[in-house]
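1. Requesting a structural model of the entry that follows:
(4 chains)
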Protein chains: 2
Amino acid sequence: MSYTYDYPHYAVTADIVVFTIRDGTLQVLLVKRGAAPFKGRWALPGGYLKPDEDLEGCARRELEEETGLAGFYLEQLYTFGAIKRDPRERVITVAYFALIRSDAVSLRPATDVVGADWTALDALPPLAFDHEQIIAYARERLAAKLDYSTLAFQFLPERFTMRELHAVYETVLGKPLDRRNFYKKMLASGELQETAESRLEGAHRPAAVYRLRHPGEVRITR
Amino acid sequence: MSYTYDYPHYAVTADIVVFTIRDGTLQVLLVKRGAAPFKGRWALPGGYLKPDEDLEGCARRELEEETGLAGFYLEQLYTFGAIKRDPRERVITVAYFALIRSDAVSLRPATDVVGADWTALDALPPLAFDHEQIIAYARERLAAKLDYSTLAFQFLPERFTMRELHAVYETVLGKPLDRRNFYKKMLASGELQETAESRLEGAHRPAAVYRLRHPGEVRITR
DNA sequence: GCAAAAGTGTTCCAGATACACCCATGT
DNA sequence: ACATGGGTGTATCTGGAACACTTTTGC
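-> Residues are numbered from 1 along each chain as shown, chains lettered A, B, ... in the order given. Here you go, the predicted structure:
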């Protein structure tokens, strides 16, 4: 089978920067390439756009194939199209980023990769293509957007404690946040709803359990 | 000449939302299509990506062909790839937005359009493809970014008065801003440099003339 | 009673807002 | 002197930052 056009066309891919929080660090999902170019190198999950799916659909499909997950948060990041970014032929990639609760993922490598794993952002191996650049850009966007949206909750299950939420912010921003001010700000935001539940996790006072007032929806909070 | 690939490839275009301020309103550059589809309709300027240029280069070239302008501010906006957004074949478009000083433009229509003109944003005609959506998105981004960057200065010549700057903000945001607070905030930002010049424009006190402390550079101010 | 995390309140400062009068100029 | 837009200061409010002690639980 071949495809012929009467002026230049290009391969189009979706690559996804999948963030999660594991072991108290911000991690991204990488796959090990099983074929040239960059065989054996780590890369972002992603793949070619099919004629019958839109760009976001492509990103979701590729990621579902890798992780078995559906329904995750996905946002278009930027489109990278430098002439030589793929040594074989010109490939335009539309980069997305996704946020995932690591407790909900089971990795199952797809056919064209030999492995998939979470890697801490501050210990990235050398990556294929321009994927370092894509990750750096995604990280900036993620950190910036924590401040004015409810993105952070995508890392947490439906019910969570203040400490868990606090840890998400500290981990993503990479700096400590005063706990008292954080509690106040979150409660004042009106995005949280207290539940009747509380959670006992050791030899100390149990933590109140909250949930989002508008679950399953990322809101811009200003 | 034809181009053959062994899996699906796609036409890729760059479309540009070119903003300017004329007659006290925010306007966009539209071209009238001279060929099907949407022949005779207004559309965003833009065109096909060539194999030897990167995405931003494509946007710049297309815009230079239309306006004769170079060196304008250009920023990638979003990539639109819905399956049927072009009725002929699948086209992925990488949308950009540009900011231009209207006094510096002379329009010279390119070959595949029958005309080009500025149109006020609140009086847009029906547009080709999904270009209304692209413009709406660009407008949001522009308004949001005024608040935390020096984007607004791209609408002004190198030297300008406070009133001119004030008018740019009011026009883009579409709401009045207190003049005194605006002056204070701008001066406090440290981005302005007073010049020795002043400008006399009628039967009243002449206005001080400012310039950017870092001209030709869009800075994020927080 | 002690260790360990949960929960909570006040002060201070900076930046945003609201608002009204004097200044320099041409006619 | 008056009309016109240029230029400025003060009071208030709001949100963020800094900061330490009490509560609940298991052992």
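
2. So A:Thr79 is in contact with B:Phe80, correct?
-> No. Judged on Cβ atoms under 8 Å, A:Thr79 makes no contact with B:Phe80 at a distance of 10.2 Å. The C-beta positions use only the backbone N, C-alpha and C, and glycine is treated the same way.

3. Check which element follows the helix or strand encompassing A:Ala188 along the chain.
-> For A:Ala188, the host element (DSSP states H and E) is helix A:179-189. In the C-terminal direction, the helix or strand that comes right after helix A:179-189 (DSSP H and E) is strand A:192-199.

4. Which of the helices and strands in chain A ranks last by mean pLDDT?
-> None of the helices or strands of chain A scores lower by mean pLDDT, DSSP states H and E than strand A:113-120, at a mean of 86.

5. who does that strand touch, helix- and strand-wise?
-> Under the contact criterion of 3 or more Cβ pairs under 8 Å, 6 or more residues apart in numbering or on different chains; DSSP states H and E, strand A:113-120 touches strand A:25-33, helix A:55-67.

6. List the buried residues of the helix or strand just after that strand.
-> Note on strand A:113-120: by DSSP H and E, the next helix or strand toward the C-terminus is helix A:131-146. For helix A:131-146, the neighbour count (16 or more other Cβ atoms under 10 Å in any protein chain shown) marks A:His131, A:Ile134, A:Ile135, A:Tyr137, A:Ala138, A:Arg139, A:Arg141, A:Leu142, A:Ala143, A:Lys145 as buried.

7. Just want the angle from helix A:131-146 to strand A:25-33.
-> Here helix A:131-146 points in a direction 150 degrees away from that of strand A:25-33 (axes from the mean of the first three to the mean of the last three Cα atoms, to 10 degrees).

8. For helix A:131-146, name the packing helices and strands.
-> Applying 3+ Cβ pairs under 8 Å, 6+ apart, we find helix A:131-146 packed against strand A:11-22, strand A:73-80, strand A:91-99, helix A:162-173.

9. Of these, which is nearest B:Met162?
-> If you check each of those against B:Met162 by Cβ to Cβ, strand A:73-80 wins as the nearest, at 35.1 Å.

10. in its sheet, what does that closest one sit against?
-> Strand pairing for strand A:73-80, using DSSP bridges, gives strand A:91-99 (antiparallel).

11. what's the spacing between A:Gly47 and A:Gly71?
-> Distance of A:Gly47 to A:Gly71, computed by Cβ to Cβ, to the nearest Å: 20 Å.

12. Those two: who's more crowded?
-> Comparing A:Gly47 with A:Gly71 by other Cβ atoms under 10 Å in any protein chain shown, the one with more neighbours is A:Gly47, at 19 against 9.

13. can I assume the more buried one is in contact with A:Glu62?
-> Yes. A:Gly47 is in contact with A:Glu62 according to Cβ under 8 Å; the separation is 4.5 Å.

14. Now mean neighbour count and distance to DNA strand D too, for the helices and strands packed on helix A:131-146, in TSV please.
-> Below are the helices and strands packed on helix A:131-146 laid out as TSV (neighbours: other Cβ atoms under 10 Å in any protein chain shown; distance: least, Cβ to the nearest atom of the strand, whole Å):
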stretch	mean neighbour count	distance to DNA strand D
strand A:11-22	24	22
strand A:73-80	20	23
strand A:91-99	24	22
helix A:162-173	18	11
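
15. Dump the ones you listed into JSON lines; add distance to B:Arg205 as well.
-> Output for these, formatted as JSON lines (distance: least, Cβ to Cβ, whole Å):
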{"stretch": "strand A:11-22", "distance to B:Arg205": "55"}
{"stretch": "strand A:73-80", "distance to B:Arg205": "47"}
{"stretch": "strand A:91-99", "distance to B:Arg205": "52"}
{"stretch": "helix A:162-173", "distance to B:Arg205": "48"}
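
16. quick one: which of those is nearest B:Ala123?
-> With Cβ to Cβ as the criterion, B:Ala123 lies closest to strand A:73-80 of the helices and strands packed on helix A:131-146, at 29.6 Å.

17. Just give me the neighbour total for A:Tyr210.
-> Neighbourhood size, A:Tyr210 [other Cβ under 10 Å]: 23.
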